[in-house]
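Enquirer: A predicted structure for the sequence below; I have some questions about it.
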Amino acid sequence: QVQLVESGGGLVQAGGSLRLSCAASGRSFTSYTMAWFRQAPGKEREFVAAITWSTGSTYYTDSVKGRFAISRDNAKNTVPLQMNSLKPEDTAVYYCAALEGWGQVTASTAYDYWGQGTQVTVSS
């Protein structure tokens, strides 16, 4: 049974940093693409960043390039998302997701598994 559990959310001032983590369990994820999405109140869920577990190749949405960094820890089976220079518009619930293989990584409908989400609030 696949489980994705997010942690690390919270309240931070603009310009600050947070480090989210996604703990993945239930199977081997070496053939998977792992991603972070976010959803702000009244908005659709949007892609943030993705990483292929096997090669470590990464992909980011333009609004977070240079500020966010996705990685994977093979020993701990986690997918961290380091978020720096946070802005109020980064406020959202952040979700971890897993896609077997590689496809339309920016499309939420492509993903097979989802976590429950963690709230990130950036105050101005």
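Expert: Cool, the structure landed.
Enquirer: so where is this protein shaky, pLDDT-wise?
Expert: Nowhere does the chain drop to pLDDT under 70.
Enquirer: what ranges do the strands span in it?
Expert: 3-7, 10-13, 18-25, 32-39, 46-52, 58-60, 68-70, 78-83, 92-100, 113-114, 118-123 (DSSP state E).
Enquirer: quick one, what contacts the residue nearest the centre of the chain?
Expert: Closest residue to the average C-alpha location of the chain: residue 36 at 2.1 Å, with Cα atoms, centre = their mean. Residue 36 makes contact with 20, 22, 48-50, 70, 79, 81, 94-97, according to Cβ atoms under 8 Å, 6 or more residues apart in numbering. Quick note: C-beta positions are derived from backbone N, CA and C, even for glycine.
Enquirer: Pull out the buried members of those residues.
Expert: Among the contacts of residue 36, the ones that count as buried by 16 or more other Cβ atoms under 10 Å are 20, 22, 48-50, 70, 79, 81, 94-97.
Enquirer: Specify which member of those is nearest to residue 29.
Expert: residue 79 (8.6 Å; Cβ to Cβ).
Enquirer: ok so, going back, mind giving me CSV with the strands of the chain and columns for distance to residue 107?
Expert: Shown next, in CSV, are the strands of the chain (distance: least, Cβ to Cβ, whole Å):
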stretch, distance to residue 107
strand 3-7, 18
strand 10-13, 28
strand 18-25, 19
strand 32-39, 10
strand 46-52, 8
strand 58-60, 12
strand 68-70, 17
strand 78-83, 18
strand 92-100, 9
strand 113-114, 13
strand 118-123, 22
